[in-house]
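> can't give you the sequence, but here's the structure:
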């Protein structure tokens with residue numbers, strides 16, 4: 001017992017420097033590089049690698065559009081043109097008389113058709129989605145099943161029926177034949193139906209108590225609460241109608257009504273068929289990509305939202 005007491009007295013009397021020299025074992029919690037930081041670094045590294053792999057083809061496309069034909073053939077994946085040439089973009093701008101490429105007419109047709117289709121889908125898809133989500137009418141389940149069944153039909157199967165119907169109705173080679181068949185889509189209706197179902201029904205009841213009708217409730221009370229869904233439908237509609245090719249292929253054969261994608265396809269299959277001219281082809285492809293990128297960047301903050309405000313307190 002006395003030995004234990006003597007050892008404790010010596011430890012208390014030991015100088016602080018001796019006690020400070022005791023080695024400290026660092027646990028994982030206090031290590032300089034913790035597990036959380038390591039996992040985060042690995043995650044960001046994988047994301048950066050995926051971004052490079054995803055954006056790589058676009059960078060090659062943009063770089064090739066500023067190359068000469070010989071440089072594009074010799075160095076197809078080089079990210080820096082040698083030498084830098086704007087000959088392809090001169091053709092796109094109409095400054096080269098050797099190629100008659102009505103790019104501005106194609107762009108005008110594409111913007112007119114795309115904006116018209118997008119506005120039509122916003123109106124019709126939201127009305128259909130609200131009716132399926134909120135209104136109780138006979139045959140509602142059958143209508144919903146029909147909308148879902150449309151998703152199971154491949155678009156290629158409808159090409160010949162589309163041509164026959166448009167030709168029979170006198171809408172072939174017209175803007176009406178290009179726009180009206182695309183005025184609504186099943187995906188947009190389902191998105192809006194899901195968004196409306198997420199809004200509490202108490203808001204409809206409160207609006208009815210205040211004397212609002214069905215359309216007034218839809219327009220002033222419910223629709224502002226599903227703005228993220230509207231933005232999603234806008235992006236998908238703009239992208240889908242801008243990139244649409246097969247429908248326009250059977251809806252018109254008039255060169256003056258050709259959209260950008262249809263005009264590029266016909267130019268590639270015509271004057272540029274068999275020729276390399278990769279800079280000109282990729283310059284046109286880059287031009288068709290720019291509007292989609294601008295729309296997505298502009299609406300991206302709304303597109304990434306996952307929740308809806310409800311207005312309940």
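Yes, it's here. From a predicted model like this one, the values you see are computed outputs, not experimental measurements. Numbering: from 1, shown residues only.

> can I see the domain layout of this protein?
Following automatic domain parsing, one finds the domains of the chain at 31-92, 103-303.

> what's the most buried one of the ones you listed?
domain 103-303 (a mean of 16; mean count of other C-beta atoms under 10 Å). In this view, the C-beta of every residue, glycine as well, is placed from N, C-alpha and C.

> chain center to that one: distance?
For domain 103-303, the distance from its own C-alpha centre to the chain's C-alpha centre is 13 Å (C-alpha atoms, centre = their mean, to the nearest Å).

> So, low pLDDT: which residues of this structure?
1-33, 98, 270-275, 301-313 (pLDDT under 70).

> What are the boundaries of the strands in it?
Read by DSSP state E, the chain holds no strands at all.

> so how far is the first residue of stretch 67-77 from its last?
End-to-end distance for stretch 67-77: 11 Å, by C-alpha to C-alpha, to the nearest Å.

> Give me the residues contacting it.
With C-beta atoms under 8 Å, 6 or more residues apart in numbering as the test, stretch 67-77 has contacts from 60, 64, 78, 81-85, 87, 276-279.

> Out of these, which comes closest to residue 258?
Checking those against residue 258 with C-beta to C-beta, the nearest one is residue 277 at 19.6 Å.

> Touching, residue 151 and residue 189? I think so.
No: the criterion here is C-beta atoms under 8 Å, and residue 151 misses it with residue 189 at 10.2 Å.

> Let me see the contact set for residue 79.
59, 60, 63.

> for residue 119, same thing?
No contacts exist for residue 119 under C-beta under 8 Å, 6+ apart.

> mind listing the helices for the stretch 151-300 of the chain?
Using DSSP state H, counting those that start in this stretch, the helices found in the stretch 151-300 of the chain span residues 159-168, 175-179, 186-197, 202-209, 214-216, 227-242, 246-251, 260-269, 278-303.

> right, so of those helices, which gets closest to residue 113?
helix 175-179 (5.5 Å).

> Out of the helices of the stretch 151-300 of the chain, which is closest to residue 140?
Of the helices of the stretch 151-300 of the chain, nearest to residue 140 by C-beta to C-beta is helix 186-197, at 10.8 Å.

> follow-up on the earlier one: got the helices of the stretch 151-300 of the chain as a markdown table, with distance to residue 111 columns?
Shown next, in a markdown table, are the helices of the stretch 151-300 of the chain (distance: least, C-beta to C-beta, whole Å):
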| stretch | distance to residue 111 |
| --- | --- |
| helix 159-168 | 22 |
| helix 175-179 | 12 |
| helix 186-197 | 20 |
| helix 202-209 | 37 |
| helix 214-216 | 30 |
| helix 227-242 | 9 |
| helix 246-251 | 14 |
| helix 260-269 | 9 |
| helix 278-303 | 8 |
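
> Any idea which of those helices gets closest to residue 133?
Proximity of the helices of the stretch 151-300 of the chain to residue 133 was assessed by C-beta to C-beta; the nearest stretch is helix 186-197, lying at 3.8 Å.

> Give me the contacts around that closest one.
Residues from elsewhere that reach helix 186-197 (C-beta under 8 Å, 6+ apart): 121, 125-126, 128-130, 132-134, 144, 147-148, 150-151, 222, 226, 228-230, 232-233, 236-237, 308.

> Kindly check the end-to-end length of stretch 176-189 for me.
End-to-end distance for stretch 176-189, by C-alpha to C-alpha: 22 Å.

> Please disregard the earlier target; I meant stretch 76-91.
With C-alpha to C-alpha as the measure, stretch 76-91 spans 20 Å from end to end.

> where does that stretch sit relative to the chain's centre, distance-wise?
With C-alpha atoms, centre = their mean, you get 28 Å for stretch 76-91.

> what does stretch 80-93 give?
Computed by C-alpha atoms, centre = their mean, the chain-centroid distance of stretch 80-93 equals 28 Å.

> what does it contact?
Stretch 80-93 has contacts (C-beta under 8 Å, 6+ apart) with 63-68, 71, 75, 96, 98-99, 101, 103, 277, 279-280, 282-284, 287.
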